[in-house]
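**Q** 3D, please:
(one chain, ligands or ions: 1)
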Amino acid sequence: SLALAVLVSGSGSNLQAIIDAIEAGKIDAEIKLVLSNKETAYGIERAKKHGLPTVVINHTAFETREAFDRAMVQEIRSHGADVIVLAGFMRILTPIFIREFFPKIINIHPALLPSFTGAHAQRDAAGYGVRLAGCTVHFVDEIMDSGPVIVQAAVPVNAGDDEDTVGARILEYEHRIYPQALKWLAEGRLTVDGRHVHLAPSEAALIGPE
Ligand code: GAR
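**A** Have a look, this model is predicted:
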């Protein structure tokens, strides 16, 4: 069973999708901690509603990103988590944090990487005029939004769409692919070879029909 720390900065709708999938028995994982850098993050409320441990660490209270990261590492370790799930966590992580948990850190990004990295991917995609937008779940390395891709979903951008309508369409698919990726991880089916993530067949597929 995976021992997860889910990191959020905002609404936590991806956290909710993950909680729901775990509670439905679809993912063999336990959320040991929901951590936010923001007191007001609704994700913290969601976690409490499900009886999950929560911690808020206000990043503005730290002199450096490294000091903030060290404080997060300590909380995560003390809660017994060793797999990090970034779910709308809007702080850049330093090598101190990444090296502590690598390679067991995954992120969801609201764009078809490597397009539209950064904090405003939906706005950037809508502004660029792409016809396909989407989302990406990937392993995290030391470069922001750059690690090996686990799964992506593409959604159309239609005439009259803006940042908000495209963003909402992307988010629906985030809620599908993030639990899916975690299920694969929990089943031990993901291996990384350079930039490539290999998905082993499920046991059901190996056994196959009679
Ligand atoms: C999601 O769209 C997520 O992909 C994005 O923030 C949103 C959080 O929503 N993450 C990033 O932009 C990371 N750079 P949520 O709090 O409702 O899950």
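**Q** where does this protein dip in pLDDT?
**A** The chain contains residues with pLDDT under 70 at 210.
**Q** Quick check, the residue in it closest to the ligand?
**A** residue 88 (2.5 Å; Cβ to the nearest ligand atom). All C-beta spots, glycine's among them, are computed from the backbone N, C-alpha and C.
**Q** Find the nearest non-adjacent residue to that residue, please.
**A** What sits nearest to residue 88 in space, not counting adjacent residues and going by Cβ to Cβ, 6 or more residues apart in numbering, is residue 10, at 4.9 Å.
**Q** Contact partners for the residue nearest to residue 80 when sequence neighbours are not counted?
**A** Spatially, and ignoring its direct neighbours in sequence, residue 80 is nearest to residue 32 (5.1 Å; Cβ to Cβ, 6+ apart). Residues near residue 32 by Cβ atoms under 8 Å, 6 or more residues apart in numbering: 3-5, 53, 79-81.
**Q** nearest to residue 148, of the residues you listed?
**A** Nearest to residue 148 among these, counting by Cβ to Cβ, is residue 4 at 19.3 Å.
**Q** is it true that that closest one lies in a strand?
**A** Yes. Assessed by DSSP: H, G, I helix; E, B strand; the rest coil, residue 4 belongs to a strand.
**Q** Now do the contacts for it.
**A** 18, 29-33, 81, 83-85, 182.
**Q** do the same with residue 123
**A** Going by Cβ under 8 Å, 6+ apart, the list of residues near residue 123 reads 163, 167.
**Q** now do 7 Å
**A** Listed by Cβ atoms under 7 Å, 6 or more residues apart in numbering, the contact partners of residue 123 are residue 163.
**Q** and if you look at residue 3?
**A** So residue 3 contacts 30, 32, 80-83 (Cβ under 7 Å, 6+ apart).
**Q** who's residue 86 bridged to?
**A** Beta-bridge pairing of residue 86 under DSSP bridges involves residue 7, residue 107.
**Q** Most neighbours among the contacts of residue 32, which one?
**A** Among the contacts of residue 32, residue 4 has the most neighbours (other Cβ atoms under 10 Å), with 28 neighbours.
**Q** Save the contacts of residue 3 as TSV, and put in distance to the ligand too.
**A** Shown next, in TSV, are the contacts of residue 3 (distance: Cβ to the nearest ligand atom, whole Å):
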residue	distance to the ligand
30	19
32	19
80	23
81	18
82	22
83	17
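**Q** So the residue nearest to residue 88 sits against residue 86, correct?
**A** No. The pair residue 10 / residue 86 is not scored as a contact, 12.0 Å apart, by Cβ atoms under 7 Å.
**Q** circling back to that earlier point, quickly find the element holding the residue nearest to residue 80.
**A** Element membership for residue 32, per DSSP states H and E: strand 29-36.
**Q** how big is the angle separating that strand from strand 2-8?
**A** 20 degrees (axes from the mean of the first three to the mean of the last three Cα atoms, to 10 degrees).
**Q** in the helix or strand where residue 191 lies, what's buried?
**A** Following DSSP H and E, one finds residue 191 within strand 190-193. By 16 or more other Cβ atoms under 10 Å, the buried positions in strand 190-193 come out as residue 190.
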